[in-house]
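**Q** return a 3D structure for these sequence lines:
(chains A, B and C)
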Amino acid sequence: MPIIESHLLQPGQQQFGQQIYNGLDVCLTFEIRQEMGTLFNHTPIIYEFEKALQAPALEMMLRGFLIDERERQEGIRLLEAQTTRLDNLLQAMAWAVWGKGVNPNSPKQLIDFFYGAMKLPEQWISAKGVKRLSTNREALEKLDVYLYARPLIACILALRDCSKQLSVLRTEIDSDQRMRTSYNIAGTETGRWSSSQSSERTGTNLQNLSPRLRKMFVADPGWKLCGIDLEQAESREVGWQHGILYEDWTYLDACYSGDLHTITARLVWPNLPWTGNGKQDRAIADRIFYREFTYRDMSKRGGHGTSYYGTPFTMARHLKVPVRVMENFQKSFFEAYPGFRKWHQGIALELQTTHRLVTPFGRERHFFGRSNDDATLREAIAYVPQSSTADRLNLILWRIWYHMGTRVRIMAQVHDALYFQYRESDDEAEVIAKALGYFSIPMEHTSPGGKKHSLVVPGEAKIGWNWGNQVTQGDVDKAVARGLTPPRLNPDGLIKWKGSDSRVRTEQPTGLLARIF
DNA sequence: GACCCCCGCCAC
DNA sequence: AAACGTGGCGGGGGTC
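**A** This is a model prediction of the structure:
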């Protein structure tokens, strides 16, 4: 709260009032810093690390990401046309039902419409101990069995999807055609960054863009984009915990095997005719297990939830399979990887005793929730792998920023992936190899028997001229053959880096060269 | 009109 | 009884 109501002052005085306010604010920060000195009984390594991250974060925030205006306008045009078409349909149907229109983005109106006027069965959801009527996607999909509601539901879900995408496409960008975000380095419980609209109130969160919206983010003229993901980062951190704490290396070994999900499928369903041959076993894992789900699908989607103490009930809902199926899956999964039970119990014990966890990166977190509450336990179980992955990625980001200097420009951070651009005139293979070199973070462990183990999380690089994935004519043809809506061509999009790229940029961002040169 | 909460939904 | 974690944003719709 400003100590002087700024609207009561003249412009000159207003500035003075804000200076007083800012001055006092800085004093508070200073006092907190002094107190912190007495709190640390060790080198405040994470605090120093986060201070170091300010430089690359601020650089990204100042730089912004170039927007291809033509692509943005085209996206808006297509979505507006689709919205008009769908909304006309929806309103015509709504009038037929209750003699007036309905707003697909108003839960209140939809509750009146579906559960009142149409008398469909009410769909209740419960969250944080509160039950409420819902018209979210899951609720509407349950109403989809009523044939007369089906076209309405299809329209509403499609319209929500359109409006969600339009809001991102219409986000205000800065006058230099760049979208800027504000990264908050210390904004989460785990050490992940958060991202929100910029300090000028332009731009938006750049960490939750759906893939089809990413195409409008493009490399600067003369530059090319590289994105590097951490491969199975959280799973490997989980496997590492099982190993260093309980000497169970089964899960980490499965991660290293090259196909975690097929290995899991082998362990969970040992009586299938596995051969030990990678290709043949993959084919077996790709057989249908239940409805459209393959054994491998179950291992992949069920494994992640089970790792984080998901209940059979929730996971069954998520995968849309009977609870019984998930119960059997979990039982086998825990037998296949005994480290999970020990790890979950170990964390529960830690919550009861120290209320505190420390990650392999030295990040300490105190848990203030009730230590016998399942919700607290789930937070704690997720903490170490999620936090470690954040610190791992940010350490690599810092190294690339610090050591590669002006050769690269860091563009974005998305929790387990980073994006930078490099000059098209540069030696592409060398730049990427150098960046990948910074992904090495050695962690070693010697088992009681003397066997050495190490944690390795490789980086996987992609390259292109915009942030979308490449879409070729072949991809379009494939979609048409399957009767799907064909995706839009994107020859300049990201492709997996395999040592070279023979492409040439086909689309130059519009109206920019004149502005820059 | 400013402010706030709820809802739904996007990402990793 | 509750039901897998971490975030941020826009629209609706209420209050003041």
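**Q** how about the residues of chain A by DNA strand B?
**A** A:107, A:110, A:125, A:132, A:134-139, A:157, A:160-161, A:164, A:207-211, A:414-417 (Cβ under 7 Å from any atom of the strand). Placement of C-beta: from N, CA and C, glycine included.
**Q** what lies in contact with the helix or strand harbouring residue A:166?
**A** Element membership for residue A:166 (DSSP states H and E) is helix A:150-169. Contact with helix A:150-169 is made by A:72, A:75-76, A:79-80, A:82-83, A:86-87, A:89-90, A:93-94, A:97, A:104-105, A:110, A:137, A:140-141, A:143-144, A:204, A:209-210, A:212-213, A:216, as judged by Cβ atoms under 8 Å, 6 or more residues apart in numbering.
**Q** what's the neighbour count on the closest residue to residue A:174 other than its chain neighbours?
**A** Spatial nearest neighbour of residue A:174, chain neighbours left out: residue A:202 (5.4 Å); criterion: Cβ to Cβ, 6 or more residues apart in numbering. Residues near residue A:202, counting by other Cβ atoms under 10 Å, number 18.
**Q** quick one: the nearest residue to residue A:64 once chain neighbours are set aside and DNA strand C, what's the gap?
**A** Leaving aside its sequence neighbours, residue A:64 sits nearest to residue A:178 (Cβ to Cβ, 6+ apart; 3.2 Å). Applying Cβ to the nearest atom of the strand, to the nearest Å, the value for residue A:178 to DNA strand C is 16 Å.
**Q** ok, how many other residues are close to residue A:178?
**A** Counted with other Cβ under 10 Å, the neighbours of residue A:178 add up to 18.
**Q** so who does the closest residue to DNA strand C within chain A touch?
**A** For chain A, the residue closest to DNA strand C is residue A:314, as judged by Cβ to the nearest atom of the strand, at 1.8 Å. By Cβ under 8 Å, 6+ apart, the contact list for residue A:314 reads residue A:305.
**Q** residue A:225 belongs to a strand, doesn't it?
**A** Yes. Counting by DSSP: H, G, I helix; E, B strand; the rest coil, residue A:225 is found in a strand.
**Q** what pLDDT does the closest residue to it other than its chain neighbours get?
**A** Of all residues beyond its chain neighbours, the one nearest residue A:225 is residue A:219 (4.4 Å), with distances taken as Cβ to Cβ, 6+ apart. Reading off the confidence values, residue A:219 has pLDDT 96.
**Q** any idea how far residue A:495 is from residue A:219?
**A** Using Cβ to Cβ, to the nearest Å, we find residue A:219 at a distance of 14 Å from residue A:495.
**Q** doesn't residue A:178 make contact with the residue nearest to residue A:174?
**A** No. Counting by Cβ atoms under 8 Å, residue A:202 sits too far from residue A:178 to count as a contact (9.2 Å).
**Q** buried residues in stretch A:92-108, which are they?
**A** Buried positions in stretch A:92-108, judged by neighbour count with 16 or more other Cβ atoms under 10 Å: A:93-94, A:102-104.
**Q** with secondary structure added, can I get the residues you listed in a markdown table?
**A** Below are the buried residues of stretch A:92-108 laid out as a markdown table (three-state DSSP):
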| residue | secondary structure |
| --- | --- |
| A:93 | helix |
| A:94 | helix |
| A:102 | coil |
| A:103 | coil |
| A:104 | coil |
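**Q** nearest to residue A:239, of the residues you listed?
**A** Checking the buried residues of stretch A:92-108 against residue A:239 with Cβ to Cβ, the nearest one is residue A:104 at 43.8 Å.
**Q** who are the contact partners of the closest one?
**A** A:87, A:90, A:110, A:155-156, A:159-160, A:163.
**Q** of these, buried ones?
**A** Buried among these by 16+ other Cβ under 10 Å: A:87, A:90, A:110, A:155-156, A:159.
**Q** most widely separated two among those?
**A** A:87 and A:110 (14.3 Å).
**Q** count the residues that sit near residue A:405.
**A** 8.
**Q** distance of it from residue A:59?
**A** To residue A:59, residue A:405 is 12 Å away according to Cβ to Cβ.
**Q** which residues do those two both contact?
**A** With Cβ under 8 Å, 6+ apart, residue A:405 and residue A:59 have no common neighbours.
**Q** nearest spatial neighbour of residue A:94, skipping sequence neighbours?
**A** residue A:102 (4.2 Å).
**Q** do you know the pLDDT at the one you found?
**A** 92.
**Q** same thing with residue A:41?
**A** 68.
**Q** before we move on, what about the one 5 residues further on?
**A** You'll see residue A:46 listed with a pLDDT of 90.
**Q** hmm, back to that, now the buried residues of stretch A:92-108 as TSV including distance to residue A:360?
**A** Shown next, in TSV, are those (distance: Cβ to Cβ, whole Å):
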residue	distance to residue A:360
A:93	56
A:94	56
A:102	52
A:103	49
A:104	47
